[in-house]
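K.L.:
Next one to model:
(3 chains)
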Amino acid sequence: MFFRNLHSWNVSPKEAIDIQNRLKELLNFNTNVHNVSLVAGVDLSFFGEYGLAVIVVLDRNFDIKDVVYHVQKIEFPYVPGLLAFREGPVFLKAWEKLQTEVDVVFFDGHGIAHPRFMGIASHMGLFIEKPTIGVAKRKLVGNYENVPEEVYSYSYIKYNDKTIGIAFRSKKKTKPIFISPGNLIDLQSSLHITKLFLNGYKLPEPTRLAHIYTQKLKKEFIGKEPQ
DNA sequence: GCGACAG
DNA sequence: ATCTTGTCGC
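P.N.:
Okay, here's the model as predicted:
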């Protein structure tokens, strides 16, 4: 699949922050996402010096239509707020291998619910030029009021007087998940489409399945390839 | 200085 | 994310 390379990945943490501040001006949330038939879920696993990215494509019946993955060395350290610089390069290599056209892409991490509105879902959204949604298991920045215990209840995440996402109770007796738009989609649509792909678990099916593949493929890889 | 801190 | 088994609760 195609993607636009907006900058070099061989940068320092400080340069990465400058890039994020520059790219955030390119984000667009005024798009209407209609006819969502195929979506993709992205996740990564790690072993040794390597990272393994998986992209799973699903239809609205949760049937798997395609799966691609890519393994390569990880160059950037994990720094809260700079996740895209660690996982982005691996994801993009897997994205190049994808032959199936999708309507929306779910990422395991935040979209604009980020100190500079450039979480991995937003960052990758600018590269692949497709609607992206960030679904994280934990908060990065912002504040939100207590989310009622009732399923599907939610509260908005505020950061510097701006609404950046939603803390959403996706399953009974489970902590909320954090949903935020990446690029080319608005907050309400992000919530709506995420609900569309929930399948009885805390995390939406695209991301949940991508995670399962990421763990399974890693084990196969460790057993075959010499390290 | 202290607390927060995606994966 | 990853290192790792059982265990408490719904």
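
K.L.:
top helix in chain A by residue count?
P.N.:
Counting by DSSP state H, the longest helix found in chain A is helix A:205-224.

K.L.:
Flag the helix or strand of chain A with the lowest per-element mean pLDDT.
P.N.:
When each helix and strand of chain A is scored by mean pLDDT, DSSP states H and E, helix A:205-224 comes last, with a mean of 94.

K.L.:
Is there contact, residue-wise, from that helix to DNA strand B?
P.N.:
No: using C-beta under 7 Å from any atom of the strand, helix A:205-224 stays clear of DNA strand B, coming no nearer than 8.0 Å. For glycine as for every other residue, the C-beta is placed from the backbone atoms N, C-alpha and C.

K.L.:
Who are the packing partners of that helix?
P.N.:
Helices and strands touching helix A:205-224, by 3 or more C-beta pairs under 8 Å, 6 or more residues apart in numbering; DSSP states H and E, are strand A:38-47, strand A:50-59, strand A:64-73, strand A:104-108.

K.L.:
helices or strands up against the shortest one?
P.N.:
It stands for strand A:104-108. Applying 3+ C-beta pairs under 8 Å, 6+ apart, one finds that strand A:104-108 contacts strand A:38-47, helix A:120-128, strand A:132-136, helix A:205-224.

K.L.:
go with 10 Å
P.N.:
Strand A:104-108 is packed against strand A:38-47, strand A:50-59, helix A:83-97, helix A:120-128, strand A:132-136, strand A:177-183, helix A:187-196, helix A:205-224, with contacts defined by 3 or more C-beta pairs under 10 Å, 6 or more residues apart in numbering; DSSP states H and E.

K.L.:
leaving aside the residues next to it on the chain, what's closest to the spatially most central residue of chain A?
P.N.:
For chain A, the residue nearest the mean C-alpha position is A:F107 (1.4 Å; C-alpha atoms, centre = their mean). The shortest distance from A:F107 to any non-neighbouring residue, by C-beta to C-beta, 6 or more residues apart in numbering, is to A:A121 (4.0 Å).

K.L.:
OK, contacts around the one you found?
P.N.:
Counting by C-beta atoms under 10 Å, 6 or more residues apart in numbering, A:A121 makes contact with A:42, A:83-84, A:105-114, A:131-136, A:179-183, A:185, A:190.

K.L.:
among the residues you listed, which ones are buried?
P.N.:
Buried subset of the contacts of A:A121 (neighbour count, 16 or more other C-beta atoms under 10 Å): A:42, A:83-84, A:105-114, A:131-136, A:179-183, A:185, A:190.

K.L.:
picking up where we left off before, want to try a markdown table for the helices and strands packed on strand A:104-108, with distance to A:T163 as columns?
P.N.:
A markdown table is the format used below for the helices and strands packed on strand A:104-108 (distance: least, C-beta to C-beta, whole Å):
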| stretch | distance to A:T163 |
| --- | --- |
| strand A:38-47 | 24 |
| strand A:50-59 | 28 |
| helix A:83-97 | 22 |
| helix A:120-128 | 15 |
| strand A:132-136 | 14 |
| strand A:177-183 | 10 |
| helix A:187-196 | 7 |
| helix A:205-224 | 22 |
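
K.L.:
now those as TSV including distance to DNA strand C?
P.N.:
Converted to TSV, these look like this (distance: least, C-beta to the nearest atom of the strand, whole Å):
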stretch	distance to DNA strand C
strand A:38-47	3
strand A:50-59	8
helix A:83-97	9
helix A:120-128	12
strand A:132-136	10
strand A:177-183	12
helix A:187-196	17
helix A:205-224	6
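
K.L.:
rank those by pLDDT, which is bottom?
P.N.:
Per-segment mean pLDDT for the helices and strands packed on strand A:104-108 reaches its minimum on helix A:205-224, at a mean of 94.
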